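Asks: Quick one: sequence and predicted model below, then my questions.
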Amino acid sequence: MAESMLILRMCSIMLVLGFSEAKMEIITSKPDLLLGENAMLLCKAGGEGDITWQKDGEDAEEDQIEKVDETSSKLLIRNAKMEDAGRYTCLCDFDTGHIDHTSYIIFVYERPSFGETLAYHEFLEGQDVVITCMVTGKPVVEVNWERDHEKLHSEAGRITRLKDNSLQINNINRKDRGTYTCEAKIKDRPIFEKLDISISVNVPPTAKIHEEVKKVTAGPETNVSLRCLVEGVPQPNIIWTVPDSSDESRYKYNSDKSELIISSVVRSDYGEYICTAKNKISESSAMIMLDVSEHPVAVLSQKKMELEPGQTLSVSCNVSGHPMPALQWVRKTNNDHLLTVDAGGGRVRMEDGYVLVVDNVTSSDGGLYSCMAISPAGNASTDFSLQTWPGKASQVSGTPGPTSVHFTLGASLVDGGSPITHFTLQWKTGRENNWQERVIQSTDPLVIKDLNPYTTYSVRFAPQNHLGQGGFSEELTVRTQGIREPDSPVLVASEGKVEGNMFSIPLTQLDSGGSPITHYTVRYRVNKVDEDWREKDLPSNSTVINLHDLQYKSDYHVEVLAVNPYGSSSPAKLNFNVPQPVAKMNKGGMGKGAVAGIVIAIFLALLIAVDATCCYTNRCGMLMFLAVKLFGQKVPRMKTVEEGDGTSNGKASPNGDPATEA
């Protein structure tokens with residue numbers, strides 16, 4: 001079949017040559033023959049004669065030669081072998097006696113082949129490696145190496161070519177990975193083959209954690225991130241080894257597990273965390289210690305105790321945390337100072353390192369005690385309240401009036417750890433054996449009232465809290481004064497109230513001067529120069545002052561005098577302000593806006609009514625204007641009084657409208 005195709009091709013060539021100038025030549029379709037191929041050489045002599053063939057100067061074999069006609073001959077090469085390569089000469093002994101010849105060189109080759117050359121290599125970083133390229137082919141094959149379309153030269157260096165055409169790379173690294181091309185080319189011929197060889201450089205994994213110890217404090221808002229820096233080729237897999245006590249349900253990882261996030265850190269998360277990076281080459285590990293501190297906590301056996309004087313207090317405080325906090329009991333004083341409770345053998349002491357003990361409780365022991373837990377992770381404290389009876393008042397003096405005694409305290413009262421709620425006031429004359437008493441609120445003045453003038457009294461008082469009554473103060477002997485004018489009334493500015501243009505304030509009288517109050521005189525004015533006083537009297541049993549019809553946005557000055565038959569007291573003075581009132585909407589009526597709206601609505605209604613009347617009677621007004629614009633209505637010609645009588649003084653204009661002559 002192949003031979004038939006060659007014959008057809010040669011016939012086509014001969015047809016073309018038949019129209020060309022006759023000359024001696026050899027024609028073939030394949031100057032280069034692949035080993036095993038067939039080829040035909042056609043010799044065109046250009047004239048009649050005897051045609052013979054030679055190869056490399058020797059006569060060709062007869063079975064290869066076929067005569068076509070008197071002017072042409074062909075030589076067949078079947079199943080080309082390497083020895084078929086050479087110079088083929090066509091000789092012609094023309095009938096004219098002229099001898100001529102022409103030659104043609106046939107090249108036979110075996111195509112380059114890479115045999116069992118590996119197309120993929122894996123190497124370990126740092127090794128000296130050799131990449132082989134096993135090439136076969138004939139007659140002579142040249143080998144070249146390329147990378148990224150650039151030719152690799154054989155100069156001495158880290159990458160060199162060996163004599164057997166292998167490529168050597170010393171101390172290979174990750175930058176050397178990629179595709180290398182081995183090119184096999186038949187020498188002096190454009191015949192070549194290429195093989196791409198992939199190089200992978202493996203790197204043993206490394207795992208690094210910059211911190212050896214990470215310190216955090218446990219808590220629901222505390223999240224900790226542990227990062228492991230991993231390198232290696234192929235990409236290593238990461239495995240975390242965590243403490244057995246840690247709850248992995250609170251763990252979160254990023255995509256490659258190089259970061260471990262622990263949410264809501266607790267104490268049990270404490271321990272070693274090991275990051276292991278592993279690939280097919282080897283594995284590497286790094287460790288970090290998670291040091292979890294717990295904020296200290298102090299817990300009391302009870303928060304409050306109520307004891308009678310003489311009893312013993314014992315309350316325990318347990319502290320926890322990591323590191324274990326130190327425990328300290330302190331006493332909080334009224335001036336916010338802290339007094340440390342020692343662990344010695346005193347009446348107030350700490351036992352066993354955590355129990356507060358107070359023997360023979362006194363009033364001065366009452367108050368707040370704080371259990372403090374102190375550690376590097378922070379401090380915590382919780383308060384304990386000891387409550388007992390109040391103490392006896394000390395440094396008490398009494399100031400007599402005609403009918404009263406006013407107590408003055410030179411030192412603060414000892415409340416026993418619970419607020420004073422009442423005072424018990426007692427008094428008696430020298431002839432009396434029993435004390436008279438009255439209980440007052442703790443906010444009331446410490447005054448015994450309604451005593452007799454010119455009388456010697458023994459007086460004392462005792463504080464009370466919700467637990468009981470404390471001891472009475474030392475007895476004071478006082479003599480009330482003679483009858484005189486009353487003391488000034490008491491006005492407490494903070495109790496005054498302003499409502500609209502009215503002012504009210506409670507009125508208190510401590511001492512009447514030994515004679516009943518007849519009335520109170522109240523005078524007030526705007527606090528300006530040359531303003532007139534306004535004055536009024538109040539009954540003696542009055543307990544509140546009410547001032548009416550005051551001016552808004554004004555400052556006032558008021559004076560109150562207590563009057564008895566012996567005169568009037570010094571005035572009690574007070575200043576107050578009456579502010580500008582805030583406008584309020586009358587719920588039962590209409591505001592100014594509503595009234596204005598009604599007036600505008602009425603005005604618009606009247607305006608529309610007048611305009612409508614004008615429209616229908618005299619064909620004028622806004623409604624008429626809108627009707628013409630919107631509906632195109634024609635305005636009828638107006639009739640004059642004369643038209644009503646059948647006469648007119650004007651002439652009709654061409655458009656039908658009346659026109660007046662000048």
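Replies: That came through fine.
Asks: Would you indicate which residues of the longest helix anywhere in the chain are buried?
Replies: Here the longest helix in the chain is taken by residue count, with DSSP state H as the criterion, and it is helix 592-618. For helix 592-618, the buried set under the neighbour-count rule, 16 or more other C-beta atoms under 10 Å, comprises 611, 615. Where C-beta positions appear, they are placed from N, C-alpha and C, glycine not excepted.
Asks: Return the list of helices and strands in contact with that helix.
Replies: Packing contacts for helix 592-618, counted by 3 or more C-beta pairs under 8 Å, 6 or more residues apart in numbering; DSSP states H and E, involve helix 622-631.
Asks: Run through the stretch 151-300 of the chain and note the low-pLDDT ranges.
Replies: 154-156 (pLDDT under 70).
Asks: All the helices of it, residue numbers only.
Replies: All residues of the stretch 151-300 of the chain lie outside helices when identified by DSSP state H, counting those that start in this stretch.
Asks: where does the stretch 551-662 of the chain dip in pLDDT?
Replies: Applying pLDDT under 70 to the predicted model, the residue ranges of the stretch 551-662 of the chain that meet it are 583-593, 623, 627-662.
Asks: what's in contact with the strand or helix carrying residue 317?
Replies: In this structure, residue 317 sits in strand 313-322 according to DSSP states H and E. Among residues not part of strand 313-322, those counted as contacts by C-beta atoms under 8 Å, 6 or more residues apart in numbering are 218, 267, 270, 292-302, 305, 307, 325, 327, 329, 354-358, 361, 365, 369, 371, 373, 375, 377, 380, 382, 384, 386.
Asks: Give me the mean pLDDT for that strand.
Replies: Throughout strand 313-322, pLDDT has a mean value of 94.
Asks: From residue 441, how far off is residue 545?
Replies: Separation of residue 545 from residue 441 (C-beta to C-beta, to the nearest Å) stands at 22 Å.
Asks: now do residue 33
Replies: Relative to residue 441, residue 33 is positioned 133 Å away (C-beta to C-beta).
Asks: for residue 275, same thing?
Replies: Computed as C-beta to C-beta, the residue 275 to residue 441 distance reads 72 Å.
Asks: Domains in the protein, by residue range?
Replies: Split into domains by automatic domain parsing, the chain comes to 2-110, 114-203, 209-294, 301-387, 396-479, 493-578, 592-652.
Asks: so how far is the fifth one off the chain centroid?
Replies: With C-alpha atoms, centre = their mean, to the nearest Å as the basis, the distance from the averaged C-alpha position of domain 396-479 to the chain average is 64 Å.
Asks: ok so, going back, who has more neighbours out of residue 545 and residue 441?
Replies: Regarding residue 545 and residue 441, a neighbour count based on other C-beta atoms under 10 Å identifies residue 545 as having more, with 21 against 9.
Asks: So what pairs up with that one in the strands?
Replies: With DSSP bridges as the criterion, the beta-bridge partners of residue 545 are residue 505.
Asks: Would you agree it is in contact with residue 504?
Replies: Yes. Here residue 545 reaches residue 504: they are 6.6 Å apart, a contact under C-beta atoms under 8 Å.
Asks: Who are the contact partners of the spatially most central residue of the chain?
Replies: Here the mean C-alpha position of the chain is nearest to the C-alpha of residue 221 (C-alpha atoms, centre = their mean), at a distance of 13.7 Å. If you count contacts by C-beta under 8 Å, 6+ apart, residue 221 has them with residue 264.
Asks: I'd like to know how far it sits from residue 446.
Replies: Distance from residue 221 to residue 446, counting by C-beta to C-beta: 53 Å.
Asks: do residue 417 as well
Replies: Distance, residue 417 to residue 446, by C-beta to C-beta: 22 Å.
Asks: which one of those two has more residues nearby?
Replies: Of the pair residue 417 and residue 446, residue 417 is the one with more neighbours under other C-beta under 10 Å, namely 25 against 17.
Asks: how would you label that one: helix, strand or coil?
Replies: Put simply, residue 417 is coil when judged by DSSP: H, G, I helix; E, B strand; the rest coil.
Asks: Now it. Nearest residue, chain neighbours left out?
Replies: Using C-beta to C-beta, 6 or more residues apart in numbering and skipping residues adjacent in sequence, the residue nearest residue 417 is residue 366, 2.7 Å away.
Asks: For the one you found, grab phi and psi.
Replies: As for residue 366, its main-chain torsions (degrees, to the nearest 10) stand at phi -70, psi 150.
Asks: Run a quick neighbour tally on it.
Replies: 25.
Asks: One more: residue 277?
Replies: Here the neighbour count serves as a burial measure; for residue 277 (other C-beta under 10 Å) it reads 26.
Asks: what do you get for residue 119?
Replies: Close neighbours of residue 119, defined as other C-beta under 10 Å, add up to 11.
Asks: again, but for residue 69
Replies: Counted with other C-beta under 10 Å, the neighbours of residue 69 add up to 10.
Asks: Likewise for residue 313?
Replies: When counting by other C-beta under 10 Å, one arrives at 18 neighbours for residue 313.
Asks: Now it: closest residue in space that isn't a chain neighbour?
Replies: Counting by C-beta to C-beta, 6+ apart, residue 358 is the residue found nearest to residue 313 once chain neighbours are left out, at 3.9 Å.
Asks: so the one you found makes contact with residue 347?
Replies: Yes. Shown here, residue 358 and residue 347 form a contact pair, counting by C-beta under 8 Å, at 6.8 Å.
Asks: These two - which one has more neighbours?
Replies: Neighbours were counted for residue 358 and for residue 347 using other C-beta under 10 Å; residue 358 has more, 24 against 12.
Asks: That one and residue 341: what is the separation?
Replies: According to C-beta to C-beta, residue 358 stands 9 Å off from residue 341.
Asks: Same check on residue 120?
Replies: For residue 120, the distance to residue 341 equals 81 Å [C-beta to C-beta].
Asks: neighbour-wise, which of the two wins?
Replies: Looking at residue 120 and residue 341 with other C-beta under 10 Å, you find the greater number of neighbours at residue 341, namely 20 against 9.
Asks: Excluding chain neighbours, what is closest to the more buried one?
Replies: Excluding the flanking residues, the one nearest residue 341 by C-beta to C-beta, 6+ apart is residue 329, at 3.9 Å.
Asks: likewise residue 416?
Replies: Here the residue nearest residue 416, using C-beta to C-beta, 6+ apart, is residue 366, at 3.8 Å.
Asks: ok, and for stretch 416-426, which residues are buried?
Replies: Those would be 416-418, 420-426, for stretch 416-426 by 16+ other C-beta under 10 Å.
Asks: One more: stretch 84-101?
Replies: Of all the residues in stretch 84-101, those buried under the rule 16+ other C-beta under 10 Å are 84-85, 88-92, 94, 101.
Asks: Stretch 279-292 now?
Replies: In stretch 279-292, the ones that count as buried by 16+ other C-beta under 10 Å are 279, 281, 283-286, 288, 290, 292.
Asks: Any chance of JSON lines for the residues you listed, columns distance to residue 317?
Replies: Listed next are these as JSON lines, based on distance: C-beta to C-beta, whole Å:
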{"residue": "279", "distance to residue 317": "56"}
{"residue": "281", "distance to residue 317": "59"}
{"residue": "283", "distance to residue 317": "51"}
{"residue": "284", "distance to residue 317": "50"}
{"residue": "285", "distance to residue 317": "45"}
{"residue": "286", "distance to residue 317": "43"}
{"residue": "288", "distance to residue 317": "36"}
{"residue": "290", "distance to residue 317": "30"}
{"residue": "292", "distance to residue 317": "24"}
